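> Okay, structure incoming, though there's no sequence with it:
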DNA sequence: GTCTATAATGGGATAGAC
DNA sequence: GTCTATCCCATTATAGAC
């Protein structure tokens, strides 16, 4: 095998792990499976990562950034407030339908972090970032809200998580879309002038 | 050891597994750990359960029923609509704070079902039951809603799941209580006459 | 730096005595 | 029905040759 820089190798392992977790769940992401997926030997793994958990920590951060990037590409020009909120929920559902494994993986990685001593702060930071992104979105609507933007944002994130989980469990597209519509309505009624 | 009926034994194993999953996560619920917790031998396990997954399926159902029982004990007499909805969310948060492990376990068991071939219908049924229970609660408010009771119920469940997950990740009591309040307000604005 | 080989552990499941 | 003992496999991590 060629000599490859440690950072390149880390990168390849994180990507391989992410694919495996998305496809078959976190339990399937053993060090052996990961190195096989990345096309390298088992020993290479421990050359760049001290342990499986150290890798999973990086996997969580990588997955989070990807998720946030996907959300921030949505165009909202010329839409009413309710349409914008609805569109945001729908975008999540589209990401979900396009790659259910990856979205389920986000929940699995979160649970893993919450069960692994030392990784709890990762879960916390993940939520703070979700809230940050949603808050920016709420402010960007330009609406006047009856509560601080951050609280609205937290409700939006909660609804999004809840609807996503419900879809993952039931795979009921119609129900999920109706939920997105009703949720958008409920959120918009928190605006002072829900135009 | 004494001769014990198969059903008693199953029961003891399910309870032991539930305790382990709540304490240390689903990964810690190995057949060996479960039988040790239940105070019996490993072979007894396979005498009453064909496999670990067969046990976990029963664990999921048991945990679900317990969760629903806990929620249905809440008294709502003499409260306004918003107070009732708020109270429902708060009750969830209290259960959460009282036993975070068990509530986290619910999410883990759900993920497990979604990743295990053959157990997906369990996850689906679990959600249908959540929705049923919430729908009964929504109807019981006596309010006139702008959408069918089931859709309101689905939003309530989504909010509850989302808020629960956020609390599990951040352990921020204040934020969670504010979220419960704002969520209750948003839901109630879906009533025709939100008195 | 990268590999093969192996240690060390823990897992699910089963055989067979009682 | 219940147990002990064991099989067999997969896992994480490391040793040591190159």
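Perfect, I can see it now. As the structure is a prediction and not an experimental result, all values here were calculated from the model.
> show me what contacts the residue nearest the centre of chain A?
Nearest to the mean C-alpha position of chain A, by CA atoms, centre = their mean, lies residue A:67 at 4.3 Å. Counting by CB atoms under 8 Å, 6 or more residues apart in numbering or on different chains, residue A:67 touches residue A:106. Just so you know, the C-beta spots here come from the backbone N, C-alpha and C atoms, and that holds for glycine as well.
> Can you list the buried residues in the particular helix or strand that has it in it?
Secondary structure from DSSP states H and E places residue A:67 in helix A:52-71. Residues of helix A:52-71 classed as buried by neighbour count (16 or more other CB atoms under 10 Å in any protein chain shown): A:55-64, A:67, A:70-71.
> Tell me how far the closest residue to residue A:86 other than its chain neighbours lies from residue A:134.
Taking CB to CB, 6 or more residues apart in numbering or on different chains, and ignoring the residues beside it in sequence, residue A:86 has residue A:184 as its nearest neighbour in space, at 3.8 Å. Distance of residue A:184 to residue A:134, given as CB to CB, to the nearest Å: 14 Å.
> where does the spatially closest residue to residue A:135 that is not a sequence neighbour fall, helix, sheet strand or coil?
Spatial nearest neighbour of residue A:135, excluding adjacent residues (CB to CB, 6+ apart): residue A:153 at 3.9 Å. Recorded secondary structure, residue A:153: helix (DSSP: H, G, I helix; E, B strand; the rest coil).
> Give me the distance between residue A:153 and chain B.
For residue A:153, the distance to chain B equals 10 Å [CB to the nearest CB, to the nearest Å].
> Surely that residue is in contact with residue A:134?
Yes: in this structure, residue A:153 is within contact of residue A:134 by CB atoms under 8 Å, at 3.7 Å.
> How much space separates the residue nearest to the centre of chain A from DNA strand D?
Going from residue A:67 to DNA strand D by CB to the nearest atom of the strand, to the nearest Å gives 24 Å.
> One more: residue A:101?
With CB to the nearest atom of the strand as the criterion, residue A:101 and DNA strand D are 18 Å apart.
> and the residue nearest to the centre of chain A, how far is that from DNA strand C?
Here residue A:67 is placed at a distance of 30 Å from DNA strand C (CB to the nearest atom of the strand).
> what does residue A:91 give?
Applying CB to the nearest atom of the strand, the value for residue A:91 to DNA strand C is 39 Å.
> Please identify the helix or strand for that residue.
Taking DSSP H and E as the definition, one finds residue A:91 inside helix A:81-98.
> name the helices or strands packed onto the helix or strand just after that helix?
Moving toward the C-terminus from helix A:81-98, the next helix or strand (DSSP H and E) is helix A:100-115. Under the contact criterion of 3 or more CB pairs under 8 Å, 6 or more residues apart in numbering or on different chains; DSSP states H and E, helix A:100-115 touches helix A:6-24, helix A:52-71, helix A:120-140, helix A:149-170, helix B:100-115, helix B:149-170.
> tell me the pLDDT at the spatially closest residue to residue A:171 that is not a sequence neighbour?
With sequence-adjacent residues excluded and distances taken as CB to CB, 6+ apart, residue A:171 is closest to residue B:124, at 7.5 Å. Each residue has a pLDDT score; the one for residue B:124 is 96.
> I'd guessed residue B:124 sits against residue A:167; true?
No: at 10.8 Å, residue B:124 does not count as touching residue A:167 under the criterion of CB under 8 Å.
> okay, these two: which has more neighbours?
Using other CB atoms under 10 Å in any protein chain shown as the criterion, residue B:124 and residue A:167 rank with residue A:167 on top: 24 against 16.
> what residues are up against the more buried one?
Under the criterion of CB under 8 Å, 6+ apart, the contact list for residue A:167 reads A:93, A:96, A:173, A:175, A:176.
> in chain A, which helix or strand is least confident?
Counting by mean pLDDT, DSSP states H and E, the weakest-scoring helix or strand in chain A turns out to be helix A:52-71, with a mean of 93.
> Can you check what angle separates it from helix A:120-140?
Counting by axes from the mean of the first three to the mean of the last three CA atoms, to 10 degrees, helix A:52-71 lies at 10 degrees to helix A:120-140.
> tally of neighbours for residue A:72?
Residue A:72, neighbours per other CB under 10 Å, totals 10.
> for residue A:146, what are its contacts?
The contact partners of residue A:146, taken as CB under 8 Å, 6+ apart, are A:190, A:191, A:192, B:185.
> Pull the contacting residues for residue A:31.
A:42, A:45, A:46, A:52, A:55.
> and if we set it to 7 Å?
Contacts for residue A:31 (CB atoms under 7 Å, 6 or more residues apart in numbering or on different chains) come out as A:42, A:45, A:52.
> Good, we can wrap up now.
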